[in-house]
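In: starting from these lines, generate the structure:
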Amino acid sequence: MKLGYHTGYWSAGPPDGVAEAIAMCESLGFDSIWTAEAYGSDCLTPLAWWGASTQRVRLGTNLLQISARTPAATAMAAMTLDHLSGGRFVLGLGASGPQVVEGWYGQPYPKPLARTREYLELVRAIVRRDVPVTNSGEFYPLPYPGGTGLGKALKSTVHPLRTDIPIMLGAEGPKNVALAAEIADGWLPMFFSPKTDGFYRTALAEGFARPGARHTLAEFEIPAFVPVVPGPDVETAADLVRPSLALYIGGMGAKTMNFHAELFARLGYPGEVAKIQELYLDGKKKDAIAAVPTTLVEDIALIGPPEKIRDELAVWDETLITTLLLQAPPAALRMVIDALG
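Out: Numbers count the residues shown, from 1 in each chain. As a prediction, the model looks like this:
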């Protein structure tokens, strides 16, 4: 596996030490660095700012939310960053969930798979720049059918550095994962566990078998972000991961629709997931955090003494993951790298 670094979400402001961590990744030969967005900071501006000090690492979004921008705006940003980075940009896209899409962006959420397919096709068409772009699809018609009636098909004034910028899709459920295998250049898993390797191989195989699929598994990228917390005590390390998991399981979605909760239920924790959701949605966040089992943390993260992390890393190396995206506080990155040997 290759190594990458995931800067994670911002909280109240920019995280401390990220620029130094990225410089360390560049000097140590990491493959890539990635930024995220939810409903706070965006993922493009920090990537350009921090990436400007690098020369070699690839620069990826994990994830850029498709409801935040039109396909044209995303294609423009992708071509711009690809030029500025000398061809190192990777576009990671995701549909997010109805809470954010409808509550924050004011966009409809239904039909996320069809919407993603049409979005990606349009981005690729704009980046190819072979003809003026038109689209008669359901979600992003071009030119706009209405308004003044003066809209016309256009072609980017910027010539792309690469006419086929890599596009990866974030996905959790089997249908979304199969879609990534069919139409994208890579899959960006969230909360991957070696225990689910077989489940995802099956979902990916379905996508690769579809007519027109772009890749096979052998040439498909799968960079997975993995929280890594080295330390002498497993429980103490797990405590640093529990709050994030409780948030995703309990608060990042409604009780009737939470894709993260469904993922952890599939992992073997349906009862625990129901309890965490109930506590979180009742406002008992501390209790919800405490209800996250240590074994669940260990399933999706590398925590504890360095020798334990090294032993467990061998299991990850046997999975379909192609790049391990370390998610660790910048100050702890050196300890993480030492733990991984």
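In: all contacts plus neighbour counts: C-alpha atoms, from now on.
Out: Will do.
In: wait, what's in contact with the residue nearest to residue 171 when sequence neighbours are not counted?
Out: Closest residue to residue 171 apart from its sequence neighbours, by C-alpha to C-alpha, 6 or more residues apart in numbering: residue 177 at 5.3 Å. Residue 177 makes contact with 170-171, 187, 200, 203-204, 207 under the criterion C-alpha atoms under 8 Å, 6 or more residues apart in numbering.
In: got the domain boundaries for this protein?
Out: 2-230+301-339, 242-300 (automatic domain parsing).
In: quick one: closest of those to residue 236.
Out: Distances from residue 236 to each of those were compared by C-alpha to C-alpha, and the smallest falls on domain 2-230+301-339, at 8.3 Å.
In: tell me how far the ends of the closest one are from each other?
Out: When the termini of domain 2-230+301-339 are compared using C-alpha to C-alpha, to the nearest Å, they are 15 Å apart.
In: so what's the gap between that domain and the chain middle?
Out: From the chain centre to the centre of domain 2-230+301-339 is a distance of 5 Å (C-alpha atoms, centre = their mean, to the nearest Å).
In: give the rounded mean pLDDT of that domain.
Out: Confidence over domain 2-230+301-339, taken as the mean pLDDT, stands at 95.
In: before we move on, back to that, looks to me like the residue nearest to residue 171 is in a helix.
Out: Yes - counting by DSSP: H, G, I helix; E, B strand; the rest coil, residue 177 is located in a helix.
In: if I look at it, how far off is residue 95?
Out: Relative to residue 95, residue 177 is positioned 12 Å away (C-alpha to C-alpha).
In: intersection of neighbour lists for the two?
Out: In the contact map built from C-alpha under 8 Å, 6+ apart, the residues linked to both residue 177 and residue 95 are residue 170.
In: who's in contact with the spatially most central residue of the chain?
Out: To find the centre residue of the chain, average its C-alpha atoms and take the closest one (C-alpha atoms, centre = their mean): that gives residue 62, at 3.5 Å. The neighbourhood of residue 62, defined by C-alpha under 8 Å, 6+ apart, consists of 34-37, 43, 91-93, 170, 188.
In: give me that answer again for 10 Å
Out: 6-8, 33-37, 43, 90-94, 168-170, 188-190, 223-225 (C-alpha atoms under 10 Å, 6 or more residues apart in numbering).
In: now, the residues you listed that are in strands?
Out: 6, 33-35, 90-94, 168-170, 188-189, 223-225 (DSSP state E).
In: just give me how far the helix or strand harbouring residue 243 sits from the chain centre.
Out: According to DSSP states H and E, residue 243 maps onto helix 242-246. For helix 242-246, the gap between its own C-alpha mean and the chain's C-alpha mean amounts to 17 Å (C-alpha atoms, centre = their mean).
In: can you give me the offset of the next helix or strand along the chain from it from its chain's centre?
Out: Proceeding N to C from helix 242-246, the next assigned helix or strand is helix 259-266, under DSSP H and E. How far helix 259-266 lies from its chain's middle: 16 Å, per C-alpha atoms, centre = their mean.
In: alpha carbons only: can I get helix 259-266 in PDB?
Out: Written as PDB, here are the backbone C-alpha positions of helix 259-266 (Å, rounded to 0.1, in the frame of the first residue of the first chain):
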ATOM      1  CA  PHE A 259     -25.800   5.800   5.800                       C
ATOM      2  CA  HIS A 260     -22.900   5.800   8.300                       C
ATOM      3  CA  ALA A 261     -25.100   4.000  10.900                       C
ATOM      4  CA  GLU A 262     -26.100   1.400   8.300                       C
ATOM      5  CA  LEU A 263     -22.400   0.800   7.500                       C
ATOM      6  CA  PHE A 264     -21.600   0.100  11.200                       C
ATOM      7  CA  ALA A 265     -24.700  -2.100  11.500                       C
ATOM      8  CA  ARG A 266     -23.400  -4.100   8.500                       C
END
